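> Okay, here's the prediction I keep looking at, along with the sequence it came from:
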Amino acid sequence: MLELIVFVCGAAVMILEMVGARIVAPYFGSSIVVWTALIGTVLASLSLGCWWGGRIADRNPSLVTLGRIILFAGLCIGLVAVAKSMILDFWGLDSIPVTIAATAINLVLFAPASILLGMISPYAVRLKMVAVERAGSTAGRLYALSTLGSIVGTFFAGFFLIAFMGSTSILILLALLLIALSLGASMADRNTKVAALVVVVLLGLGLNAYAGYLQHEGFHDLDTHYSRVFIYKSEDRVSGRPTRAMATTPRFTHSAMYLDDPTDLVLKYTRFFKAAWSFNPSARRCLLLGGGGYSFPKYALAAHPELHVDVVELDPGVTRLARLFFGLEDHPRMRIHHEDGRTFINRSRDTFDVILGDVFNSQYSVPFHLTTVETVRRLHDMLEEDGVVIMNTIAAIEGPGGRFLRAQFATYAHVFPHVHLYPLQHPEDGQAVQNVMIVASRKALPLDAVSPDPDVRMYLGQRWTRPIPSDVPILTDDFAPVEGIMASNW
């Protein structure tokens, strides 16, 4: 029984940690900063749990007490399943650096269960100890089983559970497994049985309340292989037209579609992409890095009958959701590539007239390997002589919040002879964090081009003309601290 307990609890720790990353990602991102906060929190909790479990075990060790520890761990995990969205929604840490905010939320959500699970192995060692001369082999065997359980939990969660079950379902399953394990450890104890029954009833009531909290028409909270995705109905703030939106964080809309015209563009940065044809009217080949709801490919294929589009989208699950909710259909002039953008850039030998980028791995961070000078050189080589690259970034231009934008500008300017910036929401405010479009080309662009499209005319008039300080180095594969730089923006 003790061997089974340490194995299962070792697996539970890693499943909780893997699922925890998915839970906090929509609110804090999935960058190395957030992973560092999560891993550090879990390790610190396990360390405290080992110390505490050893102390308690030396007093009056019993299977009943061990069962109760496991029961409380299951209760804590169940509470996370029930309350996580409510806690995260009301967690007002927008003004606090993400390093502190992510650490704080991980402590609240995952430290209690991790501490209790950390108590299991030393407590089991004490129960298993029958002779001092065999203490080493007993401790080694149980800790090895715990580690083996952690390995199994890591692979099982990463390769199977998260791919096929939502975060809430996994946590509830894990909580019920630990409750069952606690009953197995202390079957003869009536109080544990009653407590387990109460915990199960409370979890059921909590899940019902949680479902009511999330329930409103047209809202979907879904997990894919790579991310947690929210899909919901909304309306355009200016026109009042009904929309459907996709987001991987409650704070930002990443893709949107008008319900009355699926090919019309909702978001400002997607409307700016239309400027590519003002810069290069003869464009016939377009590469889009980042599919999302596939809003721009649908528009571009309808607006340009001779255009061929390649879309690189890392997550097949996002493409599936675009088909289900955003009217994406197969098209003879569109190819979809499900792979990492950098991998596609490295292997592709095609050339394009227009290259568009809209890739984020969190609310504030661009994948570092898509920001470096090595990536920009490949984009330069893939671009036709008259072509244009347009990259969407979310940052300020001036001040501390503009360090990433200035680093990205310097990186593009190191490769391309012509680079321009177009802030969209606040064109005169360099301190504002906003969509800033980086436009790069091999040949001089017709900056005075006049477009019949009113959106494009407006955005082309918002080109940033003030000097851009050269106070940050270019980004390289060897050194690109994107997450750290971007964290200062929020």
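Arrived safely. All of these numbers come straight from a predicted model, not from anything done at the bench. Residues are numbered from 1 along each chain as shown.

> what ranges of this structure fall below the confidence cut-off?
Low-confidence segments of the chain (pLDDT under 70): 91-95, 130-132, 187-189, 192-193, 201-218, 250-251, 362-364, 484, 486-490.

> Please, where are all the strands along it?
220-223, 228-235, 242-247, 255-258, 285-289, 308-312, 334-337, 352-357, 383-395, 418-423, 434-441 (DSSP state E).

> CA atoms only: put the fourth one into CSV for me.
Spelled out, it's strand 255-258. Output in CSV follows, covering the C-alpha atoms of strand 255-258 (Å, rounded to 0.1, in the frame of the first residue of the first chain):
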residue,chain,number,x,y,z
SER,A,255,-9.1,37.0,-33.4
ALA,A,256,-12.6,38.1,-34.2
MET,A,257,-15.3,37.8,-36.9
TYR,A,258,-18.4,39.7,-37.7
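
> same for it, what does it pack against?
If contacts are counted by 3 or more C-beta pairs under 8 Å, 6 or more residues apart in numbering; DSSP states H and E, strand 255-258 sits against strand 242-247, helix 295-303. The C-beta positions use only the backbone N, C-alpha and C, and glycine is treated the same way.

> Could you dump the ones you listed into JSON lines and include mean neighbour count?
As requested, the helices and strands packed on strand 255-258 are arranged in JSON lines below (neighbours: other C-beta atoms under 10 Å):
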{"stretch": "strand 242-247", "mean neighbour count": "20"}
{"stretch": "helix 295-303", "mean neighbour count": "22"}
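
> between the ones you listed, which one is nearest to Glu374?
Proximity to Glu374 (C-beta to C-beta) singles out helix 295-303 among the helices and strands packed on strand 255-258, at 25.9 Å.

> and the angle from the closest one to strand 308-312?
170 degrees (axes from the mean of the first three to the mean of the last three C-alpha atoms, to 10 degrees).

> tell me the angle helix 295-303 makes with strand 352-357.
Using the same axes, to 10 degrees: helix 295-303 against strand 352-357 is 150 degrees.

> Okay, angle between helix 295-303 and strand 285-289 too, please.
160 degrees.

> what comes into contact with helix 295-303?
255-257, 262-267, 270, 273-274, 286, 288, 291, 307, 309, 311, 326-328, 331, 333-334, 356, 358 (C-beta atoms under 8 Å, 6 or more residues apart in numbering).

> quick revisit: now the strands of the chain as CSV including distance to Leu38?
Listed next are these as CSV, based on distance: least, C-beta to C-beta, whole Å:
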stretch, distance to Leu38
strand 220-223, 17
strand 228-235, 15
strand 242-247, 21
strand 255-258, 27
strand 285-289, 27
strand 308-312, 28
strand 334-337, 30
strand 352-357, 28
strand 383-395, 23
strand 418-423, 33
strand 434-441, 29
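
> now for those strands, which one comes closest to Ala480?
Shortest distance between Ala480 and these, using C-beta to C-beta, is found for strand 383-395: 14.1 Å.

> so what strands line up beside that closest one?
strand 352-357 (parallel), strand 434-441 (antiparallel) (DSSP bridges).

> Turn those strands into JSON lines, including mean neighbour count and distance to Arg228.
Listed next are those as JSON lines, based on neighbours: other C-beta atoms under 10 Å; distance: least, C-beta to C-beta, whole Å:
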{"stretch": "strand 352-357", "mean neighbour count": "24", "distance to Arg228": "23"}
{"stretch": "strand 434-441", "mean neighbour count": "23", "distance to Arg228": "23"}
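
> which one of these lies closest to Pro61?
strand 352-357 (59.0 Å).

> returning to what we had before: possible to save the strands paired with strand 383-395 as a markdown table with distance to Gly341?
What follows is the strands paired with strand 383-395, written out as a markdown table (distance: least, C-beta to C-beta, whole Å):
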| stretch | distance to Gly341 |
| --- | --- |
| strand 352-357 | 8 |
| strand 434-441 | 15 |
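
> Please list all residues in contact with Thr263.
Neighbouring residues of Thr263 by C-beta under 8 Å, 6+ apart: 298-299, 302-303.

> Which of the residues you listed sits closest to Asn280?
Ala303 (14.4 Å).

> So what sits opposite Leu421 in the bridge?
Here Leu421, judged by DSSP bridges, has bridge partners Ile438.

> give the contact list for it.
397, 405, 409, 436-439, 463-464, 468.

> make it 10 Å
393, 397, 405-406, 408-409, 412, 430, 436-439, 462-466, 468 (C-beta atoms under 10 Å, 6 or more residues apart in numbering).

> One more: Ala111?
Counting by C-beta under 10 Å, 6+ apart, Ala111 has contacts 41-42, 44-46, 48-49, 76.

> Can you redo those residues as CSV, where the extra columns are neighbour count and distance to Pro97?
Shown next, in CSV, are the contacts of Ala111 (neighbours: other C-beta atoms under 10 Å; distance: C-beta to C-beta, whole Å):
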residue, neighbour count, distance to Pro97
Thr41, 23, 16
Val42, 23, 21
Ala44, 17, 19
Ser45, 22, 22
Leu46, 19, 25
Leu48, 15, 24
Gly49, 26, 28
Cys76, 21, 27
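
> What segments of the stretch 1-150 of the chain are helices?
Listed in chain order, the helices of the stretch 1-150 of the chain (DSSP state H, counting those that start in this stretch) span 2-28, 32-57, 63-89, 98-118, 120-128, 135-156.

> by how many degrees do the second one and helix 98-118 diverge?
Looking back up the chat, that one is helix 32-57. Here helix 32-57 runs at an angle of 30 degrees relative to helix 98-118 (the same axes, to 10 degrees).

> Any buried residues in helix 32-57, and which?
By neighbour count on 16 or more other C-beta atoms under 10 Å, the buried set for helix 32-57 is 33-35, 37-38, 41-42, 44-46, 49-50, 52-53, 56-57.

> measure Ala11 to Thr154 for me?
Distance, Ala11 to Thr154, by C-beta to C-beta, to the nearest Å: 8 Å.
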